[in-house]
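# Pasting the sequence and the predicted model now:
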Amino acid sequence: MSEHPSDQQFETLAIHAGQEPDAATGAVVPPIHQVSTFKQDGVGGLRGGYEYSRSANPTRSALEENLAALEGGRRGLAFASGLAAEDCLLRTVLSPGDHMVVPDDAYGGTFRLIAKVVERWGVRWSVADTSDPDSVRAALRPETKLVWVETPSNPLLGITDIAMVAEIARGAGARLVVDNTFASPYLQQPLALGADVVVHSTTKYMGGHSDVVGGALMTSDAALGEELAYHQNAMGAVAGPFDAWLVMRGIKTLAVRMDRHCANAARIAEALEAHPRVSAVLYPGLPSHPGHETAAKQMRAFGGMVSFRLADGEDAAVELCDRTKLFTLAESLGGVESLIEHPGRMTHASVVGSALEVPADLVRLSVGIESVDDLLADLGQALG
Ligand SMILES: C=C(NCc1c(COP(=O)(O)O)cnc(C)c1O)C(=O)O
């Protein structure tokens, strides 16, 4: 595994970490090894260390080395989806009788995995407002092994002080995992702030083109990395070679794309805040956001996701989602094209009636990298 000078900047690592020209052909971009098994030179004689692609594949290895470098970690692992990565993490670090702290705002699928799947295997959980240290402390139990944080959170754009929660978790003998999907490693590096593990849906900003589903785990803890790698192979939900290649390709432009996502989102958040039909805008880059100072402290910029509430309620929010022409009505986020959705009826329908239920008048935007003037014009005509 090649070592990269730790003084290289993010933009350089995104392009070069794990991306050495192919030793056999000189190919400048890692080839797609679309293969399941590898010839052995005699029983157990592994040429290059590869025997079966679920266990290891050269294309996935290149991505995993790149992922580790992007978060400043020692190990990166690539999965078939973000939830596959989360499932591997949860079932690696938790056993029946253990307890975990869950944030009161998180992707609906994450909460569903914990409350409807992992709970059945004897894991207990408590909900906390992770932006409030007292709420986190009150949720801890003697058997707490994991504190889960999503910051910025999906879809309310809540901000949690990572270093603060890391200190609380460490003091309680628990690990801290941060879902860094909304920020991406370009904007925020949770491991450097005390997190033990970082989760990503690489489907989002890392893939960046709405053409791949994937997930990732990164950690600085070598022993934990080995445990996660063991479970990645044992459970089997690995990223395929072509999907790994697509994520690697997306990552190469992550920095420049995030700069544009952030610039566009800031303009749109400011415009929405001034609109008479909008009752609230949830964007960490606005001084009005309760987590603005914490976000400014731990993030390079404030991201490309903007949520807002319609003064006229749920029907107005649903109607708005049907009226945009440039913002496409669709789930997911982080691609170059702008998307709009109604979390209460779409991505977070699974948490209706739970502690994570989201406001029915809420609309979420994944602000793309189109001309911001065109995006503003589309929102303007849709809002009327
Ligand atoms: C599909 C959507 N979210 C996926 C997601 C996931 C799950 O990733 P998948 O690749 O969809 O399995 C994990 N964490 C966060 C913060 C997420 O937003 C969405 O919000 O539209």
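Great, that's in hand. Residues are numbered from 1 along each chain as shown.

# Can you tell me the closest non-neighbouring residue to Ala80?
Ala237 (4.9 Å; Cβ to Cβ, 6 or more residues apart in numbering). (Glycine included, C-beta is placed from N, CA and C.)

# just checking, Asp221 touches Asp196?
Yes - when contacts are counted by Cβ atoms under 8 Å, Asp221 is listed as touching Asp196 (6.1 Å).

# one step back: how about the backbone phi and psi for the residue nearest to Ala80?
phi -90, psi 60 (degrees, to the nearest 10).

# Run a quick neighbour tally on whichever residue of the chain sits closest to the ligand.
The chain approaches the ligand most closely through Gly82 (2.4 Å), counting by Cβ to the nearest ligand atom. Each residue near Gly82 was counted by other Cβ atoms under 10 Å, and the total is 25.

# Is it in contact with Tyr205, as I believe?
No - contact criterion Cβ under 8 Å: Gly82 and Tyr205 do not qualify, at 11.7 Å.

# Now list whatever residues contact both of these two.
Common contacts of Gly82 and Tyr205 (Cβ atoms under 8 Å, 6 or more residues apart in numbering): Thr181.

# Flag every residue of this structure that's near the ligand.
Selection of the chain residues close to the ligand by Cβ under 6 Å from any ligand atom yields 81-83, 107, 109-110, 150, 154, 179, 181-182, 201, 203, 213, 215, 331-333, 347.

# Before we go further, Leu217 is sitting in a strand, right?
Yes - secondary structure of Leu217 (DSSP: H, G, I helix; E, B strand; the rest coil): part of a strand.

# which ones are touching it?
Leu217 sits next to 76-77, 79, 85, 88-89, 197-200, 228 when contact means Cβ under 8 Å, 6+ apart.

# and it, what are its bridge partners?
Leu77, Val199 (DSSP bridges).

# Now Val177: which helix or strand?
strand 175-179 (DSSP states H and E).

# Output that strand as CSV, nothing but the C-alphas.
Extracted in CSV, the C-alpha atoms of strand 175-179 (Å, rounded to 0.1, in the frame of the first residue of the first chain):
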residue,chain,number,x,y,z
ARG,A,175,-17.2,5.0,20.4
LEU,A,176,-18.3,8.0,18.3
VAL,A,177,-19.4,7.4,14.7
VAL,A,178,-20.1,10.4,12.4
ASP,A,179,-22.1,10.2,9.3
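
# Mind giving me the packing neighbours of it?
In this structure, strand 175-179 makes packing contacts with helix 82-93, strand 144-150, helix 162-171, strand 197-201, judged by 3 or more Cβ pairs under 8 Å, 6 or more residues apart in numbering; DSSP states H and E.

# distance between the ends of stretch 20-28?
7 Å (Cα to Cα, to the nearest Å).

# How far away from the center of its chain is whichever strand or helix holds Val247?
Using DSSP H and E, Val247 sits in helix 241-251. Distance, stretch centre to chain centre, for helix 241-251: 16 Å (Cα atoms, centre = their mean, to the nearest Å).

# returning to that earlier point: got JSON lines for the helices and strands packed on strand 175-179, with mean pLDDT too?
Below are the helices and strands packed on strand 175-179 laid out as JSON lines (pLDDT from 0 to 100):
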{"stretch": "helix 82-93", "mean pLDDT": "98"}
{"stretch": "strand 144-150", "mean pLDDT": "98"}
{"stretch": "helix 162-171", "mean pLDDT": "98"}
{"stretch": "strand 197-201", "mean pLDDT": "98"}
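
# most packed of the ones you listed?
Mean neighbour count, computed with mean count of other Cβ atoms under 10 Å, is highest for strand 197-201 among these, reaching a mean of 29.

# Which parts of stretch 222-232 count as buried, going by neighbours?
By neighbour count, and taking 16 or more other Cβ atoms under 10 Å as the criterion, the buried residues in stretch 222-232 are 224-225, 228-229, 231-232.

# what's the following helix or strand after the helix or strand bottoming out on mean pLDDT in the chain?
Least confident helix or strand, the chain: helix 108-112 with a mean of 95, by mean pLDDT, DSSP states H and E. Using DSSP H and E, the helix or strand that follows helix 108-112 in sequence is strand 124-128.
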